[in-house]
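Trainee: how does the following fold in three dimensions:
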Amino acid sequence: MKISIGTNLKNLRQKKGMTQEGLAELLGVSPQAVSRWENDSAYPDITLLPGLALFFDVSVDALVGMDEIRRGEAVAELHTEIHNLVETGKIEEAIRLARESVKRYPGDTGLLVTLGETLAHAGDAGAVAEAVTLFKRALAMDGVSMKAKATVSANLIFLYLRLGRTEEAAGTVKSLSHVWESREVMLPELAEGEEYAKALGEAIRKVLVYFVMKIELAEGRTAGEIPDYFQLGVDFTPRMSDEELLRRVEVFLKQ
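Mentor: Prediction:
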């Protein structure tokens with residue numbers, strides 16, 4: 001659990017139109033102390049918290065970030081519950097819970113995307129069209145990470161295909177990053193020497209596990225159907241040796 005008093009204090013101070021020097025003078029501390037608080041290299045003395053909260057007209061919990069921590073924990077629990085419902089085939093219950101969750105936390109991009117993913121499992125054209133609208137809305141929201149945008153874009157491709165909107169699907173595919181810019185390919189670059197070789201090997205193995213899974217799913221594939229792993233995640237634990245993984249890929253490529 002990480003408190004975020006520095007960011008909160010800075011935002012509250014700026015909303016008041018105060019400088020660090022002004023707040024420091026009010027509290028009887030040095031401007032350097034306020035600066036350290038705001039960059040999270042130090043925390044205010046606990047005895048100062050009630051006065052700060054009163055001055056900024058917030059609760060102590062809000063000042064130190066406990067409200068946000070509780071919110072994050074609640075949202076995480078909702079994600080888990082929705083995913084469990086989807087995994088057990090209780091799609092209508094999952095959709096209902098996802099809708100309620102979005103209403104409760106309207107600014108949460110993750111819940112918006114989860115609702116879209118859950119609607120996609122419903123299968124009917126109306127639900128799929130609504131999922132497309134939600135995904136496009138999520139992409140336009142502020143603060144969405146590159147990873148989240150890539151996931152949402154990939155989901156959109158499947159839904160466009162299901163709706164017969166192939167040109168939009170192709171355009172979205174072309175907007176995605178190249179494979180050599182992916183997280184798995186770039187992670188080894190953080191290592192050096194023998195650790196680089198080890199990290200690169202782990203990345204190659206992870207990619208092999210993923211593509212062997214896709215090969216095994218290819219026979220029953222339905223065009224436009226979003227694979228379950230987009231919402232439930234991929235288990236990258238190797239279930240066969242490196243030699244068997246390579247053999248599976250080789251056999252597939254020779255077909």
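
Trainee: hey, let's count contacts and neighbours off CA atoms from now on
Mentor: Will do.

Trainee: can you tell me the SS state at S177?
Mentor: coil (DSSP: H, G, I helix; E, B strand; the rest coil).

Trainee: pLDDT of stretch 166-176, averaged?
Mentor: Stretch 166-176 comes out with an average pLDDT of 93.

Trainee: mind listing what's buried in it?
Mentor: By 16 or more other C-alpha atoms under 10 Å, the buried positions in stretch 166-176 come out as A169, T172.

Trainee: select the longest helix from the protein.
Mentor: Scanning the chain for the helix with the most residues, using DSSP state H, yields helix 193-218.

Trainee: average pLDDT across it?
Mentor: Helix 193-218 shows a mean pLDDT of 91.

Trainee: can you give the distance from that helix to the centre of its chain?
Mentor: 22 Å (C-alpha atoms, centre = their mean, to the nearest Å).

Trainee: tell me which residues of that helix are tucked away?
Mentor: So helix 193-218, judged by 16+ other C-alpha under 10 Å, has buried residues A199, L200, A203, R205, K206, L208, V209, Y210, V212.

Trainee: biggest separation within those, which pair?
Mentor: Greatest spatial distance among the buried residues of helix 193-218 (C-alpha to C-alpha): A199 and V212, at 20.0 Å.

Trainee: measure the residue in the chain sticking out farthest from the centre to K15 for me?
Mentor: What lies farthest from the middle of the chain is G28; by C-alpha atoms, centre = their mean that is 41.6 Å. Taking C-alpha to C-alpha, to the nearest Å as the measure, G28 falls 21 Å from K15.

Trainee: and for P50?
Mentor: In terms of C-alpha to C-alpha, P50 sits 19 Å off from K15.

Trainee: again, but for H83
Mentor: 39 Å.

Trainee: try R71
Mentor: 23 Å.

Trainee: may I have the phi/psi pair for the residue nearest the centre of the chain?
Mentor: Central residue of the chain (C-alpha atoms, centre = their mean): A148, 5.0 Å from the mean position. Reported as degrees, to the nearest 10, the phi and psi values for A148 are phi -60, psi -40.

Trainee: could you list the low-pLDDT ranges of the stretch 51-200 of the chain?
Mentor: Within the stretch 51-200 of the chain, no stretch has pLDDT under 70.
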